[in-house]
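**Student:** I'd like to go over a predicted model; first the sequence, then the structure.
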Amino acid sequence: MGVRKAKHGGILTFIFSLISILWVCPIVIVLINSFKKKSFISNEPFSIPTGKVFVGLDNYINGIEKIDFFSAFFNSLFITVGSVFVIVLCTSMCGWYITRVKNKFTSSIYYLCVFSMIVPFQMVMFTLSKIADMLKLDNPLGIILVYLGFGAGLAVFMFCGFVKSIPLEIEEAAMIDGCTPIQTYFQIVLPVLKPTCITVAILQAMWIWNDYLLPYLVLDLKKYKTIPIAIQYLKGGYGSVDMGAMMAMLILAIIPIVIFYLCCQKYIIEGVIAGAVKG
Amino acid sequence: MEKSIKKYFPIFALPTLIAFTIGFIIPFVLGVYLSFCNFTTINDAKFIGIDNYTKIFTDETFVHALWYTALFTVVSVITINVIAFAIAMLLTKGIKGTNIFRTVFFMPNLIGGIVLGYIWQLILNGVLLYFERTLTFSATYGFWGLIVLMNWQQIGYMMIIYIAGIQNVPGELIEAAKIDGATSGQILRKVTIPMVMPSITICSFLTLTNSFKLFDQNLALTAGAPSNKSQMLALNIYDTFYGRVGWEGVGQAKAVVFFIMVAIIAVIQLGATRQKEVQQ
Amino acid sequence: MKKKLVSVLLCASMISTALVGCGSSETSTTEEAATEETVAEETTEETATEETTEEAATEETAAADGEGSVYYLNFKPEQDEQWQALAATYTEETGVPVTVITAASGTYEQTLKSEIAKTEAPTLFQVNGPVGLASWKDYCYDLKDTELYSYVKSDDFVLKDGDAVSGIAYVIETYGIIYNKTLLADYCALDGAVISDASEINNFETLKAVADDIQARKDELGVAGAFTSAGMDSSSDWRFKTHLANLPIYYEYQDKGIGSTDAIEGTYLDNYKQIWDLYITDSTCAPALLSSKTGNDAAAEFATGMAVFYQNGTWEYSNITQDGLTDDDLGMLPIYIGAEGEENQGLCTGSENYWCVNKNASEADIQATLDFLTWVVTSDTGRNSLANDMGFVTPFTTFDDGYTASNPLINAADEYIAAGKTAVSWNFSSIPSETWKDNVGNALLEYAQGTGEWSAVETAFVDGWKTEYEAANQ
């Protein structure tokens, strides 16, 4: 029995290994194509670049120059890190506040947040971009406020859910010991909320890093582009589609994500599970 | 305690509230108002009643996009969840390399929609080249292309949730069923699936909304070609709004209709979840 | 604890400013190379300082003293690099920041719409003709009293809204069927060739006979097809839904003696079908693949000698000479569609590029924009860039002394005129809307792939014209 089971497991492992290879194939194919001369990419995407088809790093150099990849990268990084930090800080405080202070006003905020979670972005895309423009939020710093506003719903909702499960006694004890609410929050509540913070941070980071339409409509495109915008711009911004540069930039866009993922895999997967259970 | 916290409203809740007002409440209210207006920018909006709404349903592209999106949602919800659940079942059997497989399957989820769209455009066009076809040859190719793409992206995510759900099923329960002589098919149907029902609800909800609101992937993979036939609702709204002079009001009205549909789906879903919870 | 919070916030803001600083220095180091990012260092500095309040005040006064700035939303992606360079030079010489943004192919109207609603709207934008002007006339500054207008050779090259001069054309372009002279000569040398010299092609029948024969003997000639792929990707479909569609419109207008209409009859649609059939049959690729073929694909096919004919215009010169084709290889034929008397037809010459100045911009910005334009058409650098780098034939008197663009494609246009042929005017500027073009393009593609009928093209062409015209002129 034991032997049979192991054999069975061996076959499964083998099958899954095959599927896994298949799973990363798309990325590998793009990687291979990123070293090909641009006119050979769409005609023979599955061949290995050799001879005159192989252009080394030309596509990378060309693409980086064309879309100013590094400034797009730093914009994306700044917006994502900044927004996630602000969202986690502000919404956790807000979530704690509206759970602990019970009145009509706070519960209406709560329900508004729940409501905002189901509103598709297209509903507000024009008005939001217009308001962001009027308030001069069309830069990486300003867009953080926009993300805080548009992303607040889910985050507040998740924090509220978690705060409810924290026993009041600890906080009350701290207050009796003379802590101000701010001290109580940072010394007692926030450490307890840490797992939820990680969950919220990961969910928001995945959304913001990859978001295309919101920054596209809000940011001043003359000065700032994020990676998705820069890549979409390659598609026709220069009157033609440079497939070589496109492939190279796709790879450059993927690399940081993969590195980040491999480093923080544990947190990401836990965050996703926790997010699903609570959301 | 409540009283002492209450005074700290400006520090705790105000920043979020201001951002929320700017980033959501005002745009939403204005958006609803503008859907009844004729406008090119906010300042020159003229109230025209429900004209925009009547125009929506005379617009064939919208009706087409609606059906296309609905069909896409149904197919993708089924394929993603079935495959993800199957993989999760197999990966919880304790085979070698489970962690590596899990890592690999989950990875595409972190890649953004625009990037995903272009990756798959290359690959699917490459495959179709052997049949002298392209992704944008007809809406059918675009449809299945999007399905493949969404499966690749979402299976890993859903699988993670299912694995967590399956691991929560108490081992004794399955042992007991085995002792009672249940076949593995019966165990799956009568024990495992009811026990992971919460995960199933969550996953189907997530895939449902993700598919219904799909935009980036649609834009990058086919951009609606040919003849807007592979255009989904979100893209249709965007194109109406920014692509046609004089149709901004209609675009906004479409967005309101879109929102209402999403809301209805969410409410139904929520109701179903509640019912399940009661039963348990 | 409060202190701690404050210090955290301070830290955060410091990090953020540091990062913004990083971002902007990044921009300035790569700015020479960047084709797109703003050229003006002032602008980047300004944004960096906007975030740190103390410096913002000084910066603002500097901006008030300044001359305003220019933001040009450019329509022509082919010349993006040259415009960036020109803008950089101007900023270097005068200190006035000039930003040039090029809209993605096929999205100019969309980009303009979202950009012009912003506070920092384009000060200089383009319309494509009378129809474009109708949408944007409320934004057009009257150019009548400007220096720029005084250099325009004739009022044929301006757009008028009543008495006001709303738009000024800055480039006159010509398109037709570009052909590879060497390959065509090779063909003529073959046994049993339909013609013995390129000049014999002067009507549709001959063109078709030649193309069919080349297609049949493509291996003998070493080409992949007679015509380059008629790509219907958005980077290429305008060649057919707009430029090719001009011919049936032109002939119908000629017959009726009109220049625009609220309802087109489509009397030359059969001719449109003929030429489209020719393009997709005698081609380098199967019609089913057209939907994903790009402008780049077609240009590459022509440039590498895989095809003999390529419908495009003077602006393509630099693109098709990148891969070894020389001036001697290039010629241009009129697009013959089988209309009566087409032996006397010349190339299609006109403009769909009109400069408009945004009248809602601040006065300083408007002045800066007008100064920039004057500089572009009067200074040596500007004239050199327009005429030689971009290869533009311009309607300005200032270019007459030695700044005439010259390349074989432009010369071909002159030769046809010298030979007494009638140039075909650009009537597609009277097309009622972008949606019309999109619908015709979609129908053309579906017909080509075999997933649609030709009647759909007719419907989109004739009925679509009427509905779009009504929608636009409500």
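**Tutor:** Everything's here; your move. Numbering: from 1, shown residues only, chains lettered A, B, ... in the order given.
**Student:** show me where chain C dips below the pLDDT cut-off.
**Tutor:** Scanning chain C with the threshold set as pLDDT under 70 gives C:1-66, C:105-106.
**Student:** give me that answer again for 50
**Tutor:** Within chain C, the set of residues satisfying pLDDT under 50 comprises C:1-65.
**Student:** kindly report the same for the stretch 151-279 of chain A.
**Tutor:** The stretch 151-279 of chain A contains residues with pLDDT under 50 at A:237-238.
**Student:** now residue B:254: closest residue in space that isn't a chain neighbour?
**Tutor:** Spatially, and ignoring its direct neighbours in sequence, residue B:254 is nearest to residue B:237 (4.7 Å; Cβ to Cβ, 6 or more residues apart in numbering or on different chains). C-betas here are computed from N, CA, C, even on glycine.
**Student:** show the subsequent helix or strand relative to the helix or strand where that neighbour lies.
**Tutor:** Residue B:237 belongs to helix B:233-243 when assigned by DSSP states H and E. Heading C-terminal from helix B:233-243, the first helix or strand you meet, by DSSP H and E, is helix B:248-279.
**Student:** how about whatever residue of the stretch 51-200 of chain B ends up closest to chain A: what's its closest non-neighbour residue?
**Tutor:** Of all residues in the stretch 51-200 of chain B, residue B:112 sits closest to chain A, at 2.9 Å by Cβ to the nearest Cβ. Nearest residue to residue B:112, sequence neighbours excluded (Cβ to Cβ, 6+ apart): residue A:210, at 2.9 Å.
**Student:** give the contact list for that neighbour.
**Tutor:** With contact set as Cβ atoms under 8 Å, 6 or more residues apart in numbering or on different chains, residue A:210 has these partners: A:228, B:110, B:111, B:112, B:113, B:114, B:115, B:216.
**Student:** possible to save these as JSON lines with secondary structure and neighbour count?
**Tutor:** Below are the contacts of residue A:210 laid out as JSON lines (DSSP: H, G, I helix; E, B strand; the rest coil; neighbours: other Cβ atoms under 10 Å in any protein chain shown):
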{"residue": "A:228", "secondary structure": "helix", "neighbour count": "24"}
{"residue": "B:110", "secondary structure": "helix", "neighbour count": "20"}
{"residue": "B:111", "secondary structure": "coil", "neighbour count": "23"}
{"residue": "B:112", "secondary structure": "coil", "neighbour count": "25"}
{"residue": "B:113", "secondary structure": "helix", "neighbour count": "24"}
{"residue": "B:114", "secondary structure": "helix", "neighbour count": "28"}
{"residue": "B:115", "secondary structure": "helix", "neighbour count": "26"}
{"residue": "B:216", "secondary structure": "helix", "neighbour count": "21"}
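**Student:** pick the one among these closest to residue C:88.
**Tutor:** residue A:228 (27.4 Å; Cβ to Cβ).
**Student:** please report how far residue C:173 lies from chain B.
**Tutor:** Distance from residue C:173 to chain B, counting by Cβ to the nearest Cβ, to the nearest Å: 25 Å.
**Student:** contacting residues for that residue?
**Tutor:** C:313, C:314, C:315, C:349, C:350, C:351, C:353, C:392, C:393.
**Student:** would it count as being in a helix?
**Tutor:** No. Residue C:173: not assigned to a helix; according to DSSP: H, G, I helix; E, B strand; the rest coil it is strand.
**Student:** by contact count, what packs against the helix or strand containing residue B:126?
**Tutor:** Using DSSP H and E, residue B:126 sits within helix B:113-129. Counting contacts by 3 or more Cβ pairs under 8 Å, 6 or more residues apart in numbering or on different chains; DSSP states H and E, helix B:113-129 packs against helix A:2-33, helix A:190-210, helix A:227-234, helix A:243-263, helix B:139-167, helix B:216-221.
**Student:** relative to residue C:178, which of these is closest?
**Tutor:** Closest to residue C:178 of the helices and strands packed on helix B:113-129, according to Cβ to Cβ: helix A:243-263, at 23.0 Å.
**Student:** buried sites along that closest one?
**Tutor:** Residues of helix A:243-263 classed as buried: A:243-254, A:257, A:261 (neighbour count, 16 or more other Cβ atoms under 10 Å in any protein chain shown).
**Student:** what is the neighbour count of the residue in chain C that chain A sits nearest to?
**Tutor:** Closest residue of chain C to chain A, Cβ to the nearest Cβ: residue C:77 (2.9 Å). Counted with other Cβ atoms under 10 Å in any protein chain shown, residues neighbouring residue C:77 total 21.
**Student:** what does the one 5 residues further on give?
**Tutor:** By the other Cβ under 10 Å criterion, the neighbourhood of residue C:82 contains 20 residues.
**Student:** helix or strand: which one has it?
**Tutor:** helix C:80-94.
**Student:** helices or strands up against the helix or strand just after that helix?
**Tutor:** Using DSSP H and E, the next helix or strand after helix C:80-94 towards the C-terminus is strand C:98-102. On a contact count with 3+ Cβ pairs under 8 Å, 6+ apart, strand C:98-102 meets strand C:70-74, helix C:80-94.
**Student:** picking that back up, against chain C, which of the buried residues of helix A:243-263 make the cut? List them.
**Tutor:** Contacts with chain C within the buried residues of helix A:243-263, counted by Cβ under 8 Å from any Cβ of the partner chain: residue A:243.
**Student:** export the buried residues of helix A:243-263 to TSV and tack on distance to residue B:275?
**Tutor:** As requested, the buried residues of helix A:243-263 are arranged in TSV below (distance: Cβ to Cβ, whole Å):
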residue	distance to residue B:275
A:243	51
A:244	54
A:245	53
A:246	48
A:247	49
A:248	51
A:249	48
A:250	44
A:251	47
A:252	48
A:253	43
A:254	42
A:257	39
A:261	37
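**Student:** ok, so of the buried residues of helix A:243-263, who is nearest residue C:232?
**Tutor:** residue A:243 (17.0 Å).
**Student:** just want the residue of chain A that's nearest chain B.
**Tutor:** Across chain A, the shortest distance to chain B (Cβ to the nearest Cβ) belongs to residue A:149, at 1.8 Å.
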